[in-house]
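Colleague: Here is my input; please provide its structure:
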Amino acid sequence: MQIDDTDKKILNLLATNARIPFLEIARICGVSGAAIHQRVNKLEEAGLFKGSCYLVDEKTLGYATCAYIGVHFEKGGVYQSVMESLKSIPEVVECHYTTGTYGLMLKIYAKDNSHLMHILSQQIQAIPGIASTETFISLDQSIQRQVKVD
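Modeller: Numbering: from 1, shown residues only. The predicted model follows:
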């Protein structure tokens, strides 16, 4: 699919604010509202959107600790079973199968350090196939953004 400058502008505007009215996008792009509807539908059909959602503020919900956990596997071939077990832990919000030192890199939210310790020792480290973990507590999230379309 060919993406022109107007499509790029639309994608960047929607990535910044998924609730922006199409008429506002049309005004910014200098085209009609109908053209924006058509273009957004075309972009959606091409699979350029993963979805739209409200971003919940974890701290407001009482999840004050954000941590990244590097996971080492006991042996090769346990990825699928470990993943299935991790899916049952709601505090795990992201999981990446990685190259390098760790087999997986997890992002989790916990209410506090005690809750984090419970999740680690009672849930994550208890999963068959996990040999060890290394935890990094995030002190601040300095940047949060989507990829800019150039």
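Colleague: Okay, the spatially most central residue of the chain and residue 6: tell me how far apart.
Modeller: With distances taken as CA atoms, centre = their mean, residue 94 lies nearest the centre of the chain, 6.1 Å away. Separation of residue 94 from residue 6 (CB to CB, to the nearest Å): 32 Å. The C-beta positions use only the backbone N, C-alpha and C, and glycine is treated the same way.
Colleague: sorry, back to before: just checking, the residue nearest to the centre of the chain touches residue 109?
Modeller: No. Residue 94 lies out of contact with residue 109 (CB atoms under 8 Å); the separation is 10.1 Å.
Colleague: Against the centre of the protein, work out the most remote residue.
Modeller: Taking CA atoms, centre = their mean, the residue of the chain most remote from its mean C-alpha position is residue 32, at 32.7 Å.
Colleague: residue contacts, the closest residue to that residue other than its chain neighbours?
Modeller: The spatial neighbour of residue 32 that comes closest, neighbours along the chain excluded (CB to CB, 6 or more residues apart in numbering), is residue 26 at 5.9 Å. Taking CB atoms under 8 Å, 6 or more residues apart in numbering, we find residue 26 in contact with 32-33, 35-36.
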